[in-house]
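Novice: could you look at this predicted model? Sequence included:
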Amino acid sequence: MLPWKRVIRPLAALLLAAAAVTAPAASSAQAAAAPGSGWNDFACKPSAAHPRPVVLVHGTFGNSVDNWLGLAPYLKNRGYCVFSLDYGRLPGVPFFHGLGPVEKSAGELDAYVDRVRAATGATKVDIVGHSQGGMMPRYYLKFLGGAAEVNALVGIAPSNHGTTLGGLTALLPHFPGAEDLLSEATPALADQVAGSAFLTKLNAGGDTVPGVRYTVIATRYDQVVTPYRSAFLTGPDVRNVVLQDLCAVDLSEHLAIGLIDRIAFHEVANALDPARARPTTCASAIG
């Protein structure tokens, strides 16, 4: 084994262990509470006011519970049928998902949307995703027939054009075998590096597909998707929003914008129901 690999492997293990300690792990109590509150309730029937179920798609290292402890109840309390899935699971890795190949994860999303549509009777769903969860559904829309099943895609700090991680990914070619190691251990991370083969395929021929409305909500303080404007999409029926243009004093970074930021949540609600949209301001944090 090359000397640098001897350093990187234990360092990666240490970082994952630290994340396991500090991140809010999905407990069985939390998972059980979600259906009881109407979240992931497959008996839910969409109302006339909100005729499309909302499918929430977590980010890398996220899961179907912890990523949505803020947004799922927020939308449920506004009358939506809300669902979330776990995808991209690796063998022997609990709680932290979204790590498998993004293309395969898109197939998992496709199957889950079919399940939601069958249970609710809805023709189409709306999708809201955080980070990888805002980018990965675009593969489903573009290559797996999702455009016929989805009305709107809302991405919260999505990795649509990948990330440079503040320039760190440029160092990978200087470490022989590093890119192969990343692809083997955590394929989704490799897929999200700016310029990856996956992203080149995804974005070739345009960012969007006809018939779907796209909203991107980004933050200037994103330290994961960098530069933050790489989240933006180009094409018809696209709205790119910078959180600080809505509330200049909002300091949310990559995690907070998806987990706890009610200003971002308000803008998500506007994107899901543009006919009833209300201006998003700093006051939306208490709305």
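Specialist: Cool, the structure landed. A quick note: this is a predicted structure, and the numbers were derived from the prediction, not measured. Numbers count the residues shown, from 1 in each chain.

Novice: what are the ranges of the helices in the stretch 51-200 of the chain?
Specialist: Along the stretch 51-200 of the chain, counting by DSSP state H, counting those that start in this stretch, helices occupy 71-76, 102-120, 132-135, 137-143, 178-185, 187-191, 197-203.

Novice: and those helices, which is most packed in?
Specialist: Greatest average neighbour count among the helices of the stretch 51-200 of the chain goes to helix 132-135 (a mean of 31), per mean count of other CB atoms under 10 Å. (C-beta placed from N, C-alpha, C; glycine too.)

Novice: that older thread, C247: which of the helices of the stretch 51-200 of the chain is closest?
Specialist: Evaluated over the helices of the stretch 51-200 of the chain, closeness to C247 peaks at helix 71-76, with 16.6 Å, by CB to CB.

Novice: which helices and strands does the closest one pack with?
Specialist: With contacts taken as 3 or more CB pairs under 8 Å, 6 or more residues apart in numbering; DSSP states H and E, helix 71-76 sits against strand 54-57, strand 82-85, helix 262-272.

Novice: what helices and strands are in contact with the second one?
Specialist: Secondary structure elements in contact with strand 82-85, counted by 3+ CB pairs under 8 Å, 6+ apart, are strand 54-57, helix 71-76, helix 102-120.

Novice: so for the second one, mean pLDDT?
Specialist: I take that to be helix 71-76. Averaging pLDDT along helix 71-76 gives 97.

Novice: ok, and what's touching that helix?
Specialist: With contact meaning CB atoms under 8 Å, 6 or more residues apart in numbering, helix 71-76 is reached by 34, 37-39, 54, 56, 82, 84, 128, 258, 262, 265, 268-269, 272.

Novice: pick out the most distant pair among those residues.
Specialist: G38 and G258 (20.7 Å).

Novice: coming back round to it: redo the helices of the stretch 51-200 of the chain as CSV? Include distance to D245.
Specialist: Shown next, in CSV, are the helices of the stretch 51-200 of the chain (distance: least, CB to CB, whole Å):
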stretch, distance to D245
helix 71-76, 20
helix 102-120, 29
helix 132-135, 18
helix 137-143, 23
helix 178-185, 34
helix 187-191, 29
helix 197-203, 24
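
Novice: so which of those helices is nearest K45?
Specialist: With CB to CB as the measure, helix 102-120 is the member of the helices of the stretch 51-200 of the chain nearest K45 (6.2 Å).

Novice: now that closest one: mean pLDDT?
Specialist: 98.

Novice: show me what V193 is bridged to.
Specialist: Taking DSSP bridges, one obtains T163 as the residues bridged to V193.

Novice: burial of it, as a residue count?
Specialist: By other CB atoms under 10 Å, 22 other residues sit near V193.

Novice: looking at the helices and strands packed on strand 82-85, which is nearest to N151?
Specialist: strand 54-57 (10.2 Å).

Novice: what helices and strands are in contact with that closest one?
Specialist: Packing contacts for strand 54-57, counted by 3+ CB pairs under 8 Å, 6+ apart, involve helix 71-76, strand 82-85, helix 102-120, strand 125-130, helix 132-135.

Novice: now do 10 Å
Specialist: Identification of packing neighbours for strand 54-57 by 3 or more CB pairs under 10 Å, 6 or more residues apart in numbering; DSSP states H and E yields helix 71-76, strand 82-85, helix 102-120, strand 125-130, helix 132-135, helix 137-143, strand 150-156, helix 262-272.

Novice: buried set for that strand?
Specialist: Using 16 or more other CB atoms under 10 Å as the burial criterion, the residues of strand 54-57 that qualify are 54-57.

Novice: I'd like the residues you listed as TSV, with distance to L144 and pLDDT appended.
Specialist: Shown next, in TSV, are those (distance: CB to CB, whole Å; pLDDT from 0 to 100):
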residue	distance to L144	pLDDT
V54	19	98
V55	14	98
L56	19	98
V57	14	98
